[in-house]
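A.B. asks: sequence plus the predicted model coming up.
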There are 2 protein chains.
Amino acid sequence: MKSVYFFGAGKADGTGEMRDLLGGKGAGLAEMTRIGLPVPAGFTITTETCDYYLKHGRKYPKHLRAEVEKNLRRLEKLTQKKLGDPKDTLLVSVRSGSARSMPGMMETILNLGLNDKSVEGLARSTKNERFAYDAYRRFVQMYSTVAIGLPKEDLEDRLRELKSQLKVRDDTQVDAQGWRKLVGEYKEYFKHKTGRAFPEDPEEQLWGAIGAVFESWMADKAVTYRRVEKISGLLGTAVNVVQMVFGNRGKDSGTGVCFTRDPSTGEKKFYGEFLENAQGEDVVAGIRTPMPLAQMSKQMPKVYKQLEKVREQLEKHYRDMQDMEFTVEDGTLYMLQTRTGKRSPSAAFQIAVDMANEKLIKVEEALERIKAEDVERLFYPVLDPKVARGELAGKKLGQGINAVPGAAVGKAVFTAQAAEEWAQRGERVILVRRETSPEDVGGMYVAQGILTATGGKTSHAAVVARGWGKCCIVGAEEIEISASSKQLNANGKTIREGEWITLDGGDGTVYAGEISLVRPEPPKAYETLLKWADKIRRLGVRTNADTPHDARLAREMGAEGIGLCRTEHMFFKDFEHPEKSIERQEAIQEMILADTSEARRKALAKLLPFQRRDFIGIFEAMDGLPVTIRLIDPPLHEFVPHDPAKQEELAKKLGVKREAIVRRVEQLKEANPMLGLRGCRLCIMFPEILEMQVRAIVEAAIDCQKRGIKVLPEIMHPLVMEKKELKILEEATRRVAEEIISQAKVKLEYLVGTMIELPRAALLADQIAEIAEFFSFGTNDLTQTTMGLSRDDAGRFLPEYVDERKAGIFPSDPFQTLDVPGVGMLVQWAIERGRKTRPKLKIGICGEHGGDADSVKFCHRVGMNYVSASPFRVPIARLAAAQAVLEEKKKK
Amino acid sequence: MKSVYFFGAGKADGTGEMRDLLGGKGAGLAEMTRIGLPVPAGFTITTETCDYYLKHGRKYPKHLRAEVEKNLRRLEKLTQKKLGDPKDTLLVSVRSGSARSMPGMMETILNLGLNDKSVEGLARSTKNERFAYDAYRRFVQMYSTVAIGLPKEDLEDRLRELKSQLKVRDDTQVDAQGWRKLVGEYKEYFKHKTGRAFPEDPEEQLWGAIGAVFESWMADKAVTYRRVEKISGLLGTAVNVVQMVFGNRGKDSGTGVCFTRDPSTGEKKFYGEFLENAQGEDVVAGIRTPMPLAQMSKQMPKVYKQLEKVREQLEKHYRDMQDMEFTVEDGTLYMLQTRTGKRSPSAAFQIAVDMANEKLIKVEEALERIKAEDVERLFYPVLDPKVARGELAGKKLGQGINAVPGAAVGKAVFTAQAAEEWAQRGERVILVRRETSPEDVGGMYVAQGILTATGGKTSHAAVVARGWGKCCIVGAEEIEISASSKQLNANGKTIREGEWITLDGGDGTVYAGEISLVRPEPPKAYETLLKWADKIRRLGVRTNADTPHDARLAREMGAEGIGLCRTEHMFFKDFEHPEKSIERQEAIQEMILADTSEARRKALAKLLPFQRRDFIGIFEAMDGLPVTIRLIDPPLHEFVPHDPAKQEELAKKLGVKREAIVRRVEQLKEANPMLGLRGCRLCIMFPEILEMQVRAIVEAAIDCQKRGIKVLPEIMHPLVMEKKELKILEEATRRVAEEIISQAKVKLEYLVGTMIELPRAALLADQIAEIAEFFSFGTNDLTQTTMGLSRDDAGRFLPEYVDERKAGIFPSDPFQTLDVPGVGMLVQWAIERGRKTRPKLKIGICGEHGGDADSVKFCHRVGMNYVSASPFRVPIARLAAAQAVLEEKKKK
């Protein structure tokens, strides 16, 4: 096992392709060396070594010491300097570098090789005592904090004190004497804290630094970053030991960062910043303002020209936009790093399309380079980047889970009713609730954003909001919400009803006050790229939409039909005529309170015209495209009022005693409503609901058809677990439909199918396909039942399960990305068995997973006909479907 | 398709084996005719015809009319009488008869052939006008009510009026004139109600009667009976048209019912009753008291001797105890029916063992003849049969679901606490609750029986009570229970705390007052038969037992180990020292309220000695047999107090504010607790619980082993869904166990395994078996998740699903009998995959299904090593396991 890879003087043991083993930085340095760019020499210790170190109780492999020694000697030979040489020491940086970029997450130690003797040599050889001691104090500080773990604040306090003694403001104003004194104080502090002297032996320093970099792989922030970014399967970090070059050697020196194209717009222009007489960390610290590259080109025209050539060479070589770090030491350019540059979502599209057009990459590669998040983030408003960080920090109320990205501003309201009232007055509101329920959908719909104290990314609030692309923060547990006193308390602040708050769904932060937002305009490149995707993909993409508005929106986003039209919101909310919502609510509640089938029918008759009108609107919006309508699904409990005042109100309207309503509400309570009387079980028990809904659908379809609109209704029964059950529902559906069709003397094509969302349905899919003309996988519920996990409750332990530092049982939240080994096995089984019975069985998915890129790819692989996603996730699905085809080609 | 089978004069178209086609009665009549017994002639219309009739909108197959005509002519020829002949009419009975006995559930019409003319002929030919008109009025009444559906009460009112006009009490006192008058009134009433005259045409009468018998197959009571008795797969009822013979022709006539052996004890003696000068229906009506057979033997020695021969002949022929009906007409014996006789559970054992010993049947047949219910009912106390029916009727409070059979008497108490207090004073109590929760187990344990207003056969109350073999009635919705006012109201009566009530778990009836019970002693034949079963079966039988008491009991019942020892009751209840229960409860509650792992450990340390002692008791009772212990399973929510007073009490004891407890209780609330933070998820989140439990088990095992007791502990992790999860648990288990074992310097064998109770675990069983040394199928939860059915809530719709008259989607309650097509597919898959990884994987089942005969047979077929059943169901499992082997042999 070779553990150390050398690079220098135009040759390198490693290559740019060895990212996994050498990390991004190490591979980049090796590759840049190979292609003849000016790179300081050094060596990289592999990520495998890190893995070994972490797995073997923080011990190195036996051969490592010798290998490092050998490469250190090689480096010393090449640079003609010796580490720790009191006359002219070799100085090195020791940097982390993993296979995937984790900016700022791991540790670095610079200027290693200095000690009380060699610092003097450095002063002499550079003829710059201040420079030497500045370098030394930086090293001692970094080594103390990073390798030993002493508190950074204590060291910074000492620097502050020094500056106040010297009566100076900036570090640059501290002279050699000052730095020397500071080094002394640091070392004293070091001894006081650790009980031993600061190590003077450069090799001891080197090993301390290597261990510190390896350790930083498991630091909290690094682990969290990997979890959030879904980075897994890496061995660890590499360690890069590289000869130091100094940008702070005077006017002819400096350091910079540049991108081969503009990372925020994607425009093809050289973009970057340069800070003269400075080291990289000074740029990060932001003490002085760097100059744009244009200015540098005037100040150092020769170096700039060289840099431009590097830019061209690297982009051609890597065939992607590069993010480079460089240092100029006494007029000589050194490239310290190159990596694929991070870019804004819109730049991602621009660059991909431009490079394809420039023939630098293929169209397929352009498609592969766009991530689902790029698409997602393209459409959401964000906090105006012009707002100062400090201002934001002062306004912060708390942090929640960023359920739906984007940002929203509005006046806080604490009930759905208030949201509707305020919105009707033209106010923008944020609905703040402990948790939401279907009763709240009206208020949720009119709100700019939704904030809840409980729940996770798949709670009711999150799922509904995601469907609408509406900013939503959930599980903000540090925010105390009181609906009764209409206020929230957090971070020492109180927000009362009507006071402004701002939600940043991007990171889950909640702010007090009205912070301005901007909404990015999707670039033309977006349209181009998605058209390319559409040409390649075979998987259809539909949308989950319950209203004509959503249907139209989804169509604009490229949806090829509706895969899931839920009908239950229709019982609660008249989206087009909000003032009529109350009639619907009363009717459904009357239905639930009815004792007899006749009374239920009477109440349902009132709902019929409303539902018919809803369906007409949806069919109109989807002219020519299929619309899958799911009959009633949630338990009836969700439709009845739970607070006494509303119960009283309802009692009056229905002319019954409140006790009767309370009793019915009690009766409807279930221990596990998710597994209770819901889904098609409702229509088995109360066939009159099915009859009304089918009537509304078929009458609406006939009405539209007569007006020349092409309708393709697909009637879907949820929560089926047995063929006989579906048989009963299918017969009832066809009986009602055929009666209306024959009375209307028209021809109408429609399908009858089922959701597959229980393991039993998946297992017995061959039997169910005897009846069903289509399957739609409800993978939310299928995940819940297959794994025995309640979406609403999993927040108590699922985070522990997906946290690799804790239990690390699952690679990701199974409600976000389909659990392929478990749930996926059932899906695949059901498809195979279903198609065995009915080869042309139409199969789709309508769970949340239909808008998740990885899950969409799975759907492609198992041969579904389409996925259905919420409107704003339709482009994600289109892209992922194309990427799935490309992945498939590669495997062949 | 031959639809009609003739029998008469020693010949028959059908045979005794054609039960499915001819029904039990038809097959019996054919067979008896064939073997030369005196049987009146007639013909049987097949059950297939019934099926056709019901499926084709109540129409007969085309050829039926001709076939019936042909056979009627044949009957007329044989009897030399003609149906409706005014001089000397042929009279027939038209009776139902299905392949499985459904006593009294379907309809019969007698004396068909009479009309205003033929009745006169009958009077003349029998020289008995009273007899003729009596027969006629019976026919008219039966035809009107059965074939036409007129209300029986109206007709009976007219009979009552007639008797009061005639000033007589008994029907026997009514003379010919009276009956003639009554016939007139009946016919007038018929015309008034139907608008047409009573049919005089005998063939019209015959077809009306045939249709009425077919219809009665779908009558409410028949459908209910089939559901309760789990009778399914039958085509319908046959119709038997048989020449009438009359037991009411005078002193030399009579009618009787007899059994070839005593149906209540099984003793081999001729047993029966005879009523002279009477028809069968008179025996049923119970107006006169019949004589025992012994008396008949004196009164009609010749006929009796003939009957004794028939007895011998039939038992030898059918090789089972027969239940026969006969009529003596003018000194001539006619056999009207023979069928396998119903018998008491203890008679079932006696007869089976006796017949095997007599070599009449084989041992295998003896085993096959015992049903699970026979075993079950053998052990439960029952209402003293000496208590008069009338007395019972007066005391009836209401009806519930008979969750656990047997009967119980005690004083009503309305809280678990009261139950414990009263029981401590030596009182027998019945715990009456709206529903029960694990907090109630203490009270449930001390109660004689349990009555709840809600829930089904698998509610908490039912499951816990079944485990203890304790009488339990659930879902008694008509009984209004108020825990706050400590009383129940039902049927106009009020029962206050401390007043006696009696539960009949056999049929679910609740009575006021103290009704005496008797407990049947299992006969020796039971022991003999179960020993035979043990010799044959290959499947092991263990028990579900949580206490030393249950463990001992189960061992007496033949359990070969514990398959499921739940540990959660131990947190609540000290079964051996009830006064110490409170210490346990406080410790577990302290644990739940703790904020840190340390505080939890401290609380758990208090529980350790209790749990250790519990396990010692169980290991002692199971010396030499394996004991599978499941670590904590239910959600923590179930352990904390929910009523304010108890919360206040707990707060005081823990020295915290009640608000803190209220908040924690709130936090623990889950939307779907069944799918929430429970099972092994608790030990993933709180490893200290696992550590304490494993320590208690291992320390107890070592303690016992040192005292020469052989212990075989099997530590089981519930609700596992993923290999990595089990890996974490297994490592923690072994770490704790090995540490204790090595410190104690002993050797201890133990296994670590898992429950398979989630679809995902079953699907990925091959991976899970890499870690697990055994699988135990938790089919309760596996059924819940596979079918998406909450046991606690399914009561709202599952009855509809298993009612063949309604949806009829499932043949039986999947929580009682394993759903083989769905859940069973997963079980089979998991066994195959698990054994592929680990060929010697030990596999059992510990859900409720382990005590259900059909499910046990499934477990045998799929190759499990053992089933585990509650103590009182252990014998059922032993027997079913043997029957499974016999079924297997037959298939080969």
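C.D. replies: That came through, no problem. Numbers count the residues shown, from 1 in each chain, chains lettered A, B, ... in the order given.

A.B. asks: how close does the residue nearest the centre of chain A get to chain B?
C.D. replies: Residue closest to the mean C-alpha point of chain A, counted by CA atoms, centre = their mean, is A:Glu373 at 6.1 Å. Distance, A:Glu373 to chain B, using CB to the nearest CB, to the nearest Å: 27 Å. The way it works is simple: take the backbone N, C-alpha and C, and place the C-beta from them, glycine included.

A.B. asks: where does chain A have low pLDDT?
C.D. replies: A:103-104, A:224-225, A:227-230, A:283-288, A:438-439, A:457-458, A:463, A:466-469, A:804-805 (pLDDT under 70).

A.B. asks: hang on, the earlier thing: so the residue nearest to the centre of chain A makes contact with A:Pro345?
C.D. replies: Yes - judged on CB atoms under 8 Å, A:Glu373 makes contact with A:Pro345 at a distance of 7.5 Å.

A.B. asks: circling back: Three-state assignment for the residue nearest to the centre of chain A, please.
C.D. replies: helix (DSSP: H, G, I helix; E, B strand; the rest coil).

A.B. asks: the longest helix along chain A packs against which elements?
C.D. replies: For chain A, the longest helix by residue count, based on DSSP state H, is helix A:597-621. Using 3 or more CB pairs under 8 Å, 6 or more residues apart in numbering or on different chains; DSSP states H and E, the elements in contact with helix A:597-621 are helix A:548-556, helix A:581-593, strand A:626-630, helix A:687-706.

A.B. asks: helices or strands next to the last one in the packing?
C.D. replies: The contact analysis (3+ CB pairs under 8 Å, 6+ apart) places helix A:687-706 against helix A:597-621, helix A:680-685, strand A:712-717, helix A:723-744.

A.B. asks: how about residues contacting that helix?
C.D. replies: Helix A:687-706 is contacted from outside by A:567, A:591, A:597, A:600-601, A:604-605, A:607-608, A:611-616, A:619-620, A:623, A:629, A:631-632, A:682-683, A:711, A:713, A:715, A:729, A:732-733, A:736-737, A:740-741, A:744, A:746, A:748, A:750, using CB atoms under 8 Å, 6 or more residues apart in numbering or on different chains.

A.B. asks: picking that back up, any chance of the helices and strands packed on helix A:597-621 in TSV, plus distance to B:Tyr304?
C.D. replies: Shown next, in TSV, are those (distance: least, CB to CB, whole Å):
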stretch	distance to B:Tyr304
helix A:548-556	86
helix A:581-593	67
strand A:626-630	72
helix A:687-706	59
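
A.B. asks: redo these as a markdown table? Include mean neighbour count and distance to A:Glu773.
C.D. replies: As requested, the helices and strands packed on helix A:597-621 are exported to a markdown table (neighbours: other CB atoms under 10 Å in any protein chain shown; distance: least, CB to CB, whole Å):
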| stretch | mean neighbour count | distance to A:Glu773 |
| --- | --- | --- |
| helix A:548-556 | 20 | 22 |
| helix A:581-593 | 20 | 29 |
| strand A:626-630 | 26 | 11 |
| helix A:687-706 | 21 | 15 |
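
A.B. asks: and the gap between A:Gly302 and A:Thr332?
C.D. replies: No, residue A:302 isn't Gly; it's Lys. 10 Å (CB to CB, to the nearest Å).

A.B. asks: who has more neighbours, these two?
C.D. replies: A:Thr332 (13 against 9; other CB atoms under 10 Å in any protein chain shown).

A.B. asks: my guess is the more buried one contacts A:Pro40, does it?
C.D. replies: No - applying CB under 8 Å, one finds A:Thr332 not in contact with A:Pro40, separated by 10.2 Å.

A.B. asks: touching both of these two, which residues are there?
C.D. replies: A:Val245.

A.B. asks: contacts only, for the residue nearest to A:Lys669 when sequence neighbours are not counted.
C.D. replies: Distances taken as CB to CB, 6 or more residues apart in numbering or on different chains put A:His637 closest to A:Lys669, at 6.4 Å, once the chain neighbours are dropped. A:His637 sits next to A:665, A:668-670, A:673 when contact means CB under 8 Å, 6+ apart.

A.B. asks: run the last query once more with 10 Å
C.D. replies: By CB atoms under 10 Å, 6 or more residues apart in numbering or on different chains, the contact set of A:His637 is A:437-438, A:592, A:664-670, A:673, A:676-678.

A.B. asks: ok, the one residue in the stretch 201-350 of chain A that gets nearest to chain B - contacts?
C.D. replies: Chain B sits closest to A:Ser232 of the stretch 201-350 of chain A, with a gap of 13.1 Å, by CB to the nearest CB. Residues near A:Ser232 by CB under 10 Å, 6+ apart: A:100, A:226, A:804, A:808, A:811-812.

A.B. asks: quick check: the two most widely separated of those residues?
C.D. replies: A:Arg100 and A:Gly808 (17.9 Å; CB to CB).

A.B. asks: separation between A:Arg678 and chain B?
C.D. replies: 9 Å.

A.B. asks: residue ranges of the helices in the stretch 201-350 of chain A, please?
C.D. replies: A:202-216, A:220-228, A:280-285, A:293-299, A:301-318, A:345-357 (DSSP state H, counting those that start in this stretch).

A.B. asks: can you say which of these is nearest to B:Val4?
C.D. replies: B:Val4 lies closest to helix A:220-228 among the helices of the stretch 201-350 of chain A, at 77.6 Å (CB to CB).

A.B. asks: helices of the stretch 751-892 of chain A, start to end?
C.D. replies: Going by DSSP H, counting those that start in this stretch, the stretch 751-892 of chain A shows helices at A:759-763, A:765-768, A:779-787, A:798-802, A:825-837, A:853-861, A:874-891.

A.B. asks: could you dump those to TSV with mean neighbour count and distance to chain B?
C.D. replies: Formatted as TSV, those follow (neighbours: other CB atoms under 10 Å in any protein chain shown; distance: least, CB to the nearest CB, whole Å):
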stretch	mean neighbour count	distance to chain B
helix A:759-763	30	4
helix A:765-768	24	8
helix A:779-787	27	5
helix A:798-802	19	6
helix A:825-837	20	5
helix A:853-861	24	16
helix A:874-891	22	24
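
A.B. asks: to B:Met755, which of those helices lies closest?
C.D. replies: Comparing those by CB to CB, helix A:779-787 comes nearest, at 14.6 Å.

A.B. asks: alpha carbons only: can I get the closest one in PDB?
C.D. replies: Extracted in PDB, the C-alpha atoms of helix A:779-787 (Å, rounded to 0.1, in the frame of the first residue of the first chain):
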ATOM      1  CA  THR A 779     -44.400   5.600  -1.800                       C
ATOM      2  CA  ASN A 780     -45.100   7.800   1.200                       C
ATOM      3  CA  ASP A 781     -47.400   5.300   2.800                       C
ATOM      4  CA  LEU A 782     -45.600   2.400   1.400                       C
ATOM      5  CA  THR A 783     -42.500   3.600   3.100                       C
ATOM      6  CA  GLN A 784     -44.400   4.100   6.300                       C
ATOM      7  CA  THR A 785     -45.800   0.600   6.300                       C
ATOM      8  CA  THR A 786     -42.800  -1.200   5.000                       C
ATOM      9  CA  MET A 787     -40.500   0.300   7.500                       C
END
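
A.B. asks: shouldn't A:Leu110 be within a strand?
C.D. replies: Yes - A:Leu110: assigned to a strand according to three-state DSSP.

A.B. asks: residues touching it, list them.
C.D. replies: A:91-95, A:135, A:138-139, A:142-143, A:209, A:242, A:244, A:246, A:279-281.

A.B. asks: how about the residues of the stretch 351-500 of chain A near chain B?
C.D. replies: Contact residues, the stretch 351-500 of chain A versus chain B (CB under 10 Å from any CB of the partner chain): A:435, A:454-455, A:459-460.

A.B. asks: neighbour-wise, which of the residues you listed leads?
C.D. replies: Of those, with other CB under 10 Å as the count, A:Gly455 tops at 28 neighbours.

A.B. asks: any idea how far the nearest residue to that residue once chain neighbours are set aside lies from B:Asp793?
C.D. replies: Leaving aside its sequence neighbours, A:Gly455 sits nearest to A:Val474 (CB to CB, 6+ apart; 4.4 Å). Distance, A:Val474 to B:Asp793, using CB to CB: 27 Å.
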